[in-house]
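A.B. asks: Could you look at this predicted model? Sequence included:
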Amino acid sequence: MKKRILTGDRPTGKLHLGHYVGSLANRVKLQEEYQSYIIIADVQALTTNFENPENLSRDTFQIAEDYLAAGLDPEISTIFIQSMIPEIHELTMYYSMFTSVNVLRHNPTVKTEAQQHGFSDMTYGFLGYPVSQAADISIFKANLVPVGDDQIPHIELARKIVRRFNDLYKPVLIEPEALIGEVPRLMGLDGKAKMSKSLNNAIYLSDSASEVESKVKDAVTDPARIRKTDLGHPEICTVYGYHQVFNRSEMEEIEHACRNGEIGCVQCKKKLAGCLNKLLEPMRERRIKYENQPELVKDILEEGSRKARLTAQETMREVRDAMRINYFAATE
Ligand code: SF4
């Protein structure tokens, strides 16, 4: 039996290269080795965007298209929508009964995110989203959850919640473990902050070749370089940061040429745009099929949600048995 992983995203818009190197590329690799459940966490997206639910459907289909274009294979990965699995919300409610409010308030990731969103008074849903995440993971009996460092407190909490459930009732759930990979940090094209839609500094997986070229052309470089012969400082250049991630075979040569004034920024950017387009081209080719037949994406999500729900229902039968609230089990 392959081990199971649970991973996914909140649908908040198109995916960009930061998402790709941060998690998506890894998921595409992991799906061969693990039984993969990929959650599109639409309910969790509402924790910060509850005033705009009308965008959820568009963003959910967009993210699914990005997943499929990036190489997630619906034949081996179960891609599903969180709100289509009502059992997750039921399990979240049971977990909420024994999860302390103080533990949630002191969760460092919740605190940081609340500050980022300017929440002086957190909603019940926002404060409790790590509990919902614990339910997302444990209802599918995931052994591993691929995460970045900032998500470790959530996995720790999920482990504690599962342990508490197993101790209180019956050991039917699996304590998940974090699968921590090396995640390269990708700055936005402006070189100021990480890539993000809201900062308008991102290259999207769905960008055309000419959009990539034009965005890279405008990327921030070492301001000291005016002429090709000026000695450069690649360590402060956004473009060089991208070469380190996407063009590793040439990065040493580029660093040397930049420091010694032997390569111009225009040429260096052209090289980078070429590398990025080489990476994105197979995604563009895969995407055409889904763009031309949007009902295919819908079918994949519907089937993934159906399969995921069967697994969730099986776990919930065990959960209700363990809690002795499976009232009609004998007559089913
Ligand atoms: S040559 Fe390349 S690495 Fe050097 S400053 Fe220009 S863009 Fe950056």
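C.D. replies: Ah, there it is. Numbers count the residues shown, from 1 in each chain.

A.B. asks: CA atoms for contacts and neighbours, from now on please.
C.D. replies: Noted.

A.B. asks: for the one residue in the chain that gets nearest to the ligand, what are its contacts?
C.D. replies: Scanning the chain for proximity to the ligand using Cα to the nearest ligand atom identifies Cys265 as nearest, at 3.5 Å. Cys265 makes contacts with Thr221, Lys228, as judged by Cα atoms under 8 Å, 6 or more residues apart in numbering.

A.B. asks: do the same with Gly304
C.D. replies: Residues counted as contacts of Gly304 (Cα under 8 Å, 6+ apart) are Pro74, Thr78, Ile79, Phe80.

A.B. asks: does it count as helix, strand or coil?
C.D. replies: Under DSSP: H, G, I helix; E, B strand; the rest coil, the three-state class of Gly304 is helix.

A.B. asks: so how far is Tyr124 from it?
C.D. replies: Distance from Gly304 to Tyr124, counting by Cα to Cα, to the nearest Å: 29 Å.

A.B. asks: what does the stretch 201-332 of the chain put close to the ligand?
C.D. replies: Applying Cα under 6 Å from any ligand atom, one finds that the stretch 201-332 of the chain approaches the ligand through 221-222, 232, 234, 237, 239-240, 258, 263-265, 268-269.

A.B. asks: Narrow those to those in helices?
C.D. replies: With helices defined by DSSP state H, the entries of those inside them are Val239, Tyr240, Cys258, Cys265, Cys268, Lys269.

A.B. asks: can you give me the strands for this protein?
C.D. replies: Using DSSP state E, the strands assigned to the chain run over residues 4-9, 35-40, 77-81, 144-147, 177-180.

A.B. asks: wait, which of those strands is closest to Ser198?
C.D. replies: The closest of the strands of the chain to Ser198 is strand 4-9. By Cα to Cα, the value is 16.7 Å.

A.B. asks: Go through the closest one and flag the buried ones.
C.D. replies: Neighbour counts over strand 4-9 (16 or more other Cα atoms under 10 Å) mark Arg4, Ile5, Leu6, Thr7, Gly8, Asp9 as buried.

A.B. asks: neighbouring contacts of it?
C.D. replies: Residues outside strand 4-9 that contact it (Cα under 8 Å, 6+ apart): 34-41, 136-137, 140-146.

A.B. asks: Format the CA atom coordinates belonging to that strand as PDB.
C.D. replies: Extracted in PDB, the C-alpha atoms of strand 4-9 (Å, rounded to 0.1, in the frame of the first residue of the first chain):
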ATOM      1  CA  ARG A   4      -1.200   8.800   1.500                       C
ATOM      2  CA  ILE A   5      -0.500  12.500   1.300                       C
ATOM      3  CA  LEU A   6      -2.900  15.500   1.600                       C
ATOM      4  CA  THR A   7      -2.000  18.800   0.000                       C
ATOM      5  CA  GLY A   8      -3.700  21.600  -1.800                       C
ATOM      6  CA  ASP A   9      -4.500  25.400  -1.900                       C
END
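
A.B. asks: so it versus strand 35-40, what angle?
C.D. replies: Angle between the axes of strand 4-9 and strand 35-40 is 20 degrees (criterion: axes from the mean of the first three to the mean of the last three Cα atoms, to 10 degrees).
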